[in-house]
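Novice: sequence first, predicted coordinates after that:
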Amino acid sequence: MIELKKYINIKKDTIDHELVAILTAAVRSGTIQEAMRYSLMAGGKRLRPILCLASAEAVGGNSADVLKVACALEMIHTYSLVHDDLPAMDNDDLRRGKPTCHVAFDESTAILVGDGLLTMAFEVLSGEMTGKQHSPEKQIEIIHKIACAAGHKGMIEGQMRDIASEGIRLSLEALEAMHLLKTGALIEASIHTGATLGGGTAEQIQQLCAYGRLIGLAFQVKDDILNVEGDPALMGKAVGTDQERHKTTYPSIMGLDAAKVFSEELITNALHIIDNFDSRSDPLRAIARYILERKR
Ligand code: IPE
Ligand code: IPE
Ligand code: MG
Ligand code: MG
C-alpha cells in the first residue's frame, strides 16, 4: 500500500515548483501578474493536477511528461474559483485561507485574473511540454477535451445551472447533472489527459474516465457535506453558505447521513471500475478514499 500523504506531498511540491517556474518565465511584473500569482499560489490541494499525474502513472506512463499539462489544469481550476467567489457569483470573502482575489485586489482585477489564468492554461497546453514531447494529434485531442470540460459544455453550464437554481428546489437528477458538469467534468478531463498522454489503451482510458466521473461527483457531494459540517478554519473558506443562499445540495435533498452513504457508494463503485488495474493505480485508489475522508 502506498502512503498517500507522502505521495500527495511529493506531487504537490512538484506541481507548486513547476507553477512558480511557469509564472516566473511567462509573466512580467505588474499588478495582474502579482494577483495571478496570489490566487494560484494561495495553497490549493492540487487535486486535479495530482489526478492527472497519477492517471499517467496508472497506465505505465511517466508523470514528468504530463507535469505542464497538470499545471494548466490547476490554472483553469484556480480561475474558476476566482470567478466563483466574485460578488456577482457566490460573493465569498475567503478562499484557501486567504481573502479572495477581489477582496485582496479589486473586482476588475479578479475578473482579469480569471481571464489571465484561463488563457495562460491554453498557452501552456499548446506549447512545449516537459519531458517527452507528445504527438501533435494527442496534444490537440487533450486540448479539445479540456476546453469542452471547462467551457459551456461542462463547467460553465454547471455554474449557470448552479446560479439559476438559487432558491429553487432541484430534483435529485437535476442536481446530479449539475454537479457532474460543474465539478465532475474537469476532474474527469484531468484523468483523461493523464491517461491519454501516459499512453493508456482506449479501454483503460474509458475505465479511468468512468472512475473520474464517479469520484468527481463524490467530490462535490463531499463539498456539500463540508459546507454543512466542516471546520472553516481547516477548509480555508466559509461554511453554511449553501443554506444561506438556498442552494439545493445533496444534504438538503436527502439529509446529511444519506448524502454520506451516497458518497461512499460512489467511491465504492469508482474503485470497482479500476479493480483490474495493477498496483500502479494504488494512488488513484487512495485518492478516491481520501475524497470521502478529507476535512478540507
Ligand atoms: C473547490 O475545489 C471547489 C469545488 C469544485 C468543489 P477544491 O476543494 O479542489 O479547492 P482547492 O483547489 O483545494 O482550493
Ligand atoms: C465551485 O463550486 C465550483 C467551480 C468553481 C466550478 P462551489 O461554489 O460549490 O464551491 P466552493 O464551496 O465555493 O468552493
Ligand atoms: Mg459556486
Ligand atoms: Mg462557491
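Specialist: All right, it came through fine. Keep in mind that what you see is a predicted model, and the values were worked out from it rather than measured. Residues are numbered from 1 along each chain as shown. Ligands and ions are numbered 1, 2, ... in the order given.
Novice: before we move on, which element is residue 170 in?
Specialist: Under the criterion DSSP states H and E, no helix or strand holds residue 170.
Novice: surely it touches residue 248?
Specialist: Yes - look at residue 170 against residue 248 with C-beta atoms under 8 Å: they come within range, at 4.0 Å. Bear in mind the C-beta positions are built from the backbone N, C-alpha and C, glycine included.
Novice: quick check, pLDDT for the closest residue to residue 286 other than its chain neighbours.
Specialist: Residue nearest to residue 286 in three dimensions, not counting chain neighbours: residue 4, with 4.0 Å by C-beta to C-beta, 6 or more residues apart in numbering. Per-residue pLDDT puts residue 4 at 91.
Novice: how much space between residue 4 and residue 67?
Specialist: Noted for residue 4: a distance of 20 Å to residue 67, by C-beta to C-beta, to the nearest Å.
Novice: who has more neighbours out of the two?
Specialist: residue 67 (25 against 16; other C-beta atoms under 10 Å).
Novice: once you drop chain neighbours, what's closest to the more buried one?
Specialist: Of all residues not flanking residue 67 in the chain, residue 130 sits nearest, at 4.7 Å (C-beta to C-beta, 6+ apart).
Novice: so which residue is dead centre in this protein?
Specialist: residue 48 (4.3 Å; C-alpha atoms, centre = their mean).
Novice: for ligand 4, see how far away that one is.
Specialist: Look at residue 48 and ligand 4: by C-beta to the ion, to the nearest Å, they are 16 Å apart.
Novice: over to residue 276?
Specialist: As defined by C-beta to the ion, residue 276 lies at a distance of 37 Å from ligand 4.
Novice: check residue 215 too.
Specialist: Distance, residue 215 to ligand 4, using C-beta to the ion: 20 Å.
Novice: and if you look at residue 293?
Specialist: 22 Å.
Novice: residue 129 now?
Specialist: Remark: distance between residue 129 and ligand 4 (C-beta to the ion) = 32 Å.
Novice: renumber starting at 57 from here on
Specialist: All right, first residue 57 from here; so that's residue 185.
Novice: what about the residue lying closest to that residue once chain neighbours are set aside, which SS state?
Specialist: Distance criterion C-beta to C-beta, 6+ apart; nearest residue to residue 185, sequence neighbours excluded, is residue 124 at 5.2 Å. Three-state assignment for residue 124 (DSSP: H, G, I helix; E, B strand; the rest coil): helix.
Novice: ditto for residue 222
Specialist: Residue 222 is classified as coil under three-state DSSP.
Novice: so who does it touch?
Specialist: 301, 302, 303 (C-beta atoms under 8 Å, 6 or more residues apart in numbering).
Novice: find the closest residue to ligand 1 in this structure.
Specialist: Going by C-beta to the nearest ligand atom, ligand 1 is nearest to residue 100 of the chain, at 2.9 Å.
Novice: isn't the residue nearest to the centre of the chain up against residue 244?
Specialist: No - in this structure, residue 104 is not within contact of residue 244 by C-beta under 8 Å, at 10.1 Å.
Novice: and residue 128, what element?
Specialist: Here residue 128 is assigned to helix 123-140, by DSSP H and E.
Novice: for that helix, the averaged confidence score.
Specialist: Summarised as a single mean, pLDDT over helix 123-140 is 98.
Novice: touching ligand 2 at all, it?
Specialist: Yes - counting by C-beta under 6 Å from any ligand atom, contacts between helix 123-140 and ligand 2 involve 136, 137, 140.
Novice: ok, stretch 297-307 next?
Specialist: No - in terms of C-beta under 6 Å from any ligand atom, no part of stretch 297-307 sits within range of ligand 2; the closest distance is 6.9 Å.
Novice: one more: stretch 91-108?
Specialist: No - using C-beta under 6 Å from any ligand atom, we find that stretch 91-108 stays clear of ligand 2, coming within 10.3 Å at best.
Novice: pull out the buried residues from that stretch.
Specialist: By neighbour count with 16 or more other C-beta atoms under 10 Å, stretch 91-108 contains the buried residues 91-96, 98, 100-108.
Novice: closest to ligand 2 among those residues?
Specialist: residue 100 (10.3 Å).
Novice: give me the three-state assignment for that closest one.
Specialist: With three-state DSSP as the basis, residue 100 sits in coil.
Novice: excluding its backbone neighbours, what's nearest the residue in the stretch 207-352 of the chain that ligand 4 sits nearest to?
Specialist: Going by C-beta to the ion, ligand 4 is nearest to residue 297 of the stretch 207-352 of the chain, at 7.2 Å. In this structure, residue 297 finds its nearest non-sequential neighbour in residue 283, 6.3 Å apart by C-beta to C-beta, 6+ apart.
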